[in-house]
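Colleague: here's a sequence, model it:
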Amino acid sequence: MLDVIWTTITTKGSGPLSRHLVHALKGLFLFFYRCSGNREVLVLAGPVTLIAVGFIWLAGLWLGWFLLLLGVGGVVESNTGTPASVVQYLYYTGMTLSTLGIGDYKAGNDFVRLLTSVAAFNGLILVTLIITYAIPMVGA
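Modeller: Just a heads-up that it's a prediction; the model follows:
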């Protein structure tokens, strides 16, 4: 989230993660352009970079919340109360960050409920900031 906030809200330019990703993709697209000589390759650079930055932000947030929730424990199946497996924690984290929350898994104690609420709000903020970042980029 630090990289997201740095990139979208501050006037300091891209955050460290975004900056390295953008430079790597720029080099990759220039390499493909030099090899092919086709300028159409460069047309894809903007959209691919924008999608890649958003994906990296989402993947990082998902991984962070997954590791936190897995470390704390306390996610259970709604019907049986059986503790969730590692894959189910990954699923639960994704459902929480997307604020979808289907309800097939739930927090088993108050602390995990609080963390789930914060994670859902964090996911909502991330989506808002990605859209805020993407609209001017697409317009440019």
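
Colleague: what helix or strand is the residue lying closest to residue 105 once chain neighbours are set aside on?
Modeller: Taking Cβ to Cβ, 6 or more residues apart in numbering, and ignoring the residues beside it in sequence, residue 105 has residue 92 as its nearest neighbour in space, at 4.6 Å. Where C-beta positions appear, they are placed from N, C-alpha and C, glycine not excepted. When secondary structure is defined using DSSP states H and E, the element that contains residue 92 is helix 86-97.

Colleague: packing partners of that helix?
Modeller: Under the contact criterion of 3 or more Cβ pairs under 8 Å, 6 or more residues apart in numbering; DSSP states H and E, the helices and strands touching helix 86-97 comprise helix 45-72, strand 75-77, strand 105-107, helix 110-139.

Colleague: for that helix, which positions count as buried?
Modeller: Under the neighbour-count criterion of 16 or more other Cβ atoms under 10 Å, helix 86-97 has 88, 89, 90, 91, 92, 93, 95, 96, 97 buried.

Colleague: contacting residues for the last one?
Modeller: When contacts are counted by Cβ atoms under 8 Å, 6 or more residues apart in numbering, residue 97 is found next to 58, 61, 62, 65, 119, 120, 122, 123, 126.

Colleague: now for the fourth one: which residues touch it?
Modeller: Okay, so that is residue 65. When contacts are counted by Cβ under 8 Å, 6+ apart, residue 65 is found next to 93, 96, 97, 119, 122.
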